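*Asks:* Starting from these lines, generate the structure:
(3 chains)
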Amino acid sequence: MSGQYHRPHRWAWFLERPGYMRFMVRELTSFFVAGYLVVFLITLARLGGGEAAFGEWVQTLGSTGWMVAHIVALVAAVWHAVTWFAAVPQAMPIFLGEDRLPAPIAAIVMGYGPWLTVTAVIVWWVLR
Amino acid sequence: MPAQDTMTLEIFRYHPETDSEPRFQSYEVPYDEDWVVLDAINWIKDHVDGSVTHRWSCRMGVCGSCGMMVNGEPKLTCAAFLKDYFPGSVKVEPLVNFAVERDLVVSLDGFMEKLQAVKPYIIRDDVNDTSGGEYMQTPAQLARYKQYSMCINCMLCYAACPVAGHEDEFLGPAALALGHRYNKDSRDQGQSERLDVMLMGEAIWGCTFVGECTVVCPKHVDPAGAIQQAKASAAQEYFKRFVAPKGAGV
Amino acid sequence: MKRSSEAFWWALFSAGGVMAALFVPAFVVVTGFLLPSGDAAVVAERSAQFAAAVGWWPVKLALLGVLSLSLFHCGHRIRHTLMDLGMRGFSGLLKLPCYGGALAASVWLGWVLWGI
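*Replies:* From the prediction side, this is the model:
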């Protein structure tokens, strides 16, 4: 119908609400996680290249620049995990009869519990 | 007692016969801490300017017709108290992400189409057979969808959804949550038909789980959660049809 | 409007999201802090430990699954972020770098793991 008014397109919509900004931060973690996955792939490739190549790569990883990069990656990966576990109870409701498992408990059962276990096993495996 | 306090309401005005662009008009209204924004708009229409156009009906958060942007936030104006904004001013605009018909009234056409697209009613194969009596449902079965049946179609969720503003194919929070409500109803047999619709284009996949629909919902429907659950059902259906295409007699 | 393949990519995104959330922080701790810290003897011992773990075939299979799903998760999320930021008109074109990149990296990973 003519005569209707259409608001102009808002390209900077993500600045309009705090919730949009939180969304954008969550989404942007995927760029950092993807970047880190490449680093991990390179680590595995160097491992395949033999002991000398791997030793050299591990030494490189010990440099300040790579430390800082890993700190950034850790923050992004942890935030990715935390936001993912916050979403899981909403996306996968668990019912016990008439009652829905409360979100914090569902997040522990389906998120934080397995997360802690996996992390502990991996760290133990390398340190033992 | 001093003279009665007043408050400024800035109202979005747009009359298609005379205006090519919208403008804002300021009105002074008496301040009453029991008043909601809707009371103030009604007072303006009754006492100051009868040309101000807005939708409202029940005044108690049930009809879903008085949704507007109040200081940039999608709100039911019958539930937005002046005292929460006093002594500041209140800016009232029509819901964003909709075409504006006149002043605070938005066009419902697109929303109605999307609502109908998800077939928001119980679909049965045995619709004409009443010999079995009522379709019984246990409280546990009711609990599976009850939350999603509380929607009043106020469209605040569309105003809070950036995807609804940018993607025409996207069915939007309320419509998808309502479709999911019927998919989760133990009496319903129409899930496959609804998923047909949801599997099209960006109908459901446009959603990136921003989650603000759930934040603004006055009825705690949680459309964001409903949509993710519906995506999981749609994905299952997608893979099921790979194995056994629909219409292959399975 | 046609039936979209988005369901397929979303399923990979979804599974990959779980994998990335559960595993990636621990991987960062390993390559960033556990492997390269300490004196030469410690580094050598942990490196050997890491190599032995990755050399075991069940771990290789798990790594292939976890990492490729995580890559598709990131690809999907990056594609949709770019769409939400205004590249909606290129939704089809974006599949090439996002999913193609994840696929290429996964194939490369498979080849690397095969050789370890």
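*Asks:* CA only for contacts and neighbour counts going forward, please
*Replies:* Fine.
*Asks:* For the closest residue to chain B within chain A, which non-adjacent residue is closest in space?
*Replies:* Here chain A gets closest to chain B at one residue, residue A:98, 4.2 Å apart by Cα to the nearest Cα. Using Cα to Cα, 6 or more residues apart in numbering or on different chains and skipping the chain neighbours, the partner closest in space to residue A:98 is residue B:140 (4.2 Å).
*Asks:* residues from chain C in reach of chain B?
*Replies:* Counting by Cα under 8 Å from any Cα of the partner chain, chain C comes close to chain B at C:1, C:2, C:3, C:4, C:6, C:7, C:8, C:10, C:11, C:80, C:84.
*Asks:* Tell me if stretch A:16-23 is near chain B.
*Replies:* Yes: counting by Cα under 8 Å from any Cα, chain B is contacted by stretch A:16-23 at A:19, A:20, A:23.
*Asks:* what residues are up against the residue nearest the centre of chain B?
*Replies:* Centroid-nearest residue in chain B: residue B:155, 2.2 Å away (criterion: Cα atoms, centre = their mean). For residue B:155, the contacting residues are B:64, B:67, B:174, by Cα atoms under 8 Å, 6 or more residues apart in numbering or on different chains.
*Asks:* where does the residue nearest to residue B:37 when sequence neighbours are not counted fall, phi/psi-wise?
*Replies:* Among residues not flanking residue B:37 along the chain, residue B:77 sits closest, at 5.2 Å (Cα to Cα, 6+ apart). Main-chain torsions, residue B:77, degrees, to the nearest 10: phi -70, psi -20.
*Asks:* Residue B:77 contacts residue B:65, correct?
*Replies:* No: between residue B:77 and residue B:65 there is no contact under Cα atoms under 8 Å: 9.3 Å.
*Asks:* Those two: which is more packed in?
*Replies:* Neighbour totals were compared for residue B:77 and residue B:65, and residue B:77 leads with 26 against 21 (other Cα atoms under 10 Å in any protein chain shown).
*Asks:* pLDDT at that one, what is it?
*Replies:* The model reports residue B:77 with a pLDDT of 98.
*Asks:* can you count the residues close to residue 79?
*Replies:* Because you didn't say which chain, this covers chain A. Counted with other Cα under 10 Å, the neighbours of residue A:79 add up to 17.
*Asks:* I was after chain B.
*Replies:* 17.
*Asks:* so who does it touch?
*Replies:* B:36, B:37, B:60, B:61.
*Asks:* Now do the strands in the chain.
*Replies:* This is for chain A. A:95-96, A:99-100 (DSSP state E).
*Asks:* Can you list the buried residues in stretch B:107-125?
*Replies:* Using 16 or more other Cα atoms under 10 Å in any protein chain shown as the test for burial, stretch B:107-125 gives B:107, B:111, B:114, B:115, B:117, B:118, B:119, B:120, B:122, B:123.
*Asks:* For chain C, see how far away the first one is.
*Replies:* Taking Cα to the nearest Cα, to the nearest Å as the measure, residue B:107 and chain C are separated by 23 Å.
*Asks:* Test my guess that that residue contacts residue B:101.
*Replies:* Yes: between residue B:107 and residue B:101 a contact is recorded at 5.7 Å, counting by Cα under 8 Å.
*Asks:* For stretch B:31-47, which residues meet the burial criterion?
*Replies:* Those would be B:31, B:32, B:35, B:36, B:37, B:38, B:39, B:40, B:41, B:42, B:44, for stretch B:31-47 by 16+ other Cα under 10 Å.
*Asks:* just the helices in the chain please.
*Replies:* As the question left the chain open, I've gone with chain A. Assigned by DSSP state H, the helices in chain A fall at A:18-48, A:51-61, A:64-91, A:103-107, A:113-127.
*Asks:* looking at chain B here, not the other one
*Replies:* B:37-47, B:109-117, B:139-143, B:156-160, B:162-166, B:173-183, B:191-198, B:212-216, B:223-243.
*Asks:* Quick check: which helices or strands does the third one pack against?
*Replies:* Read it as helix B:139-143. With contacts taken as 3 or more Cα pairs under 8 Å, 6 or more residues apart in numbering or on different chains; DSSP states H and E, helix B:139-143 sits against no other helix or strand.
*Asks:* Repeat that for the fourth one.
*Replies:* Helices and strands touching helix B:156-160, as assessed by 3+ Cα pairs under 8 Å, 6+ apart, comprise strand B:73-76, helix B:162-166, helix B:173-183, helix B:212-216.
*Asks:* Averaged pLDDT, stretch A:8-18. What do you get?
*Replies:* For stretch A:8-18, the mean confidence score works out to 93.
*Asks:* and if you look at stretch C:47-57?
*Replies:* Mean predicted confidence for stretch C:47-57 is 94.
*Asks:* now check it, is it near chain A?
*Replies:* Yes: counting by Cα under 8 Å from any Cα, chain A has neighbours in stretch C:47-57: C:47, C:49, C:50, C:51, C:53.
*Asks:* for those, which one is nearest chain B?
*Replies:* Among the residues of stretch C:47-57 next to chain A, residue C:53 lies closest to chain B (Cα to the nearest Cα), at 34.5 Å.
*Asks:* any idea how far residue A:124 is from the closest one?
*Replies:* 11 Å (Cα to Cα, to the nearest Å).
*Asks:* Comparing the two, which shows the higher neighbour count?
*Replies:* Higher neighbour count among residue C:53 and residue A:124: residue C:53, with 16 against 10, using other Cα under 10 Å.
*Asks:* In the chain, where is pLDDT below threshold?
*Replies:* All of this is about chain A. Within chain A, the ranges that satisfy pLDDT under 70 run A:1-2.
*Asks:* oops, chain B please
*Replies:* Using pLDDT under 70, chain B drops low at B:1-2, B:247-250.
*Asks:* Which residues of it lie near chain A?
*Replies:* B:14, B:16-17, B:21-22, B:96-102, B:139-141, B:143-144, B:162, B:210-212, B:224-229.
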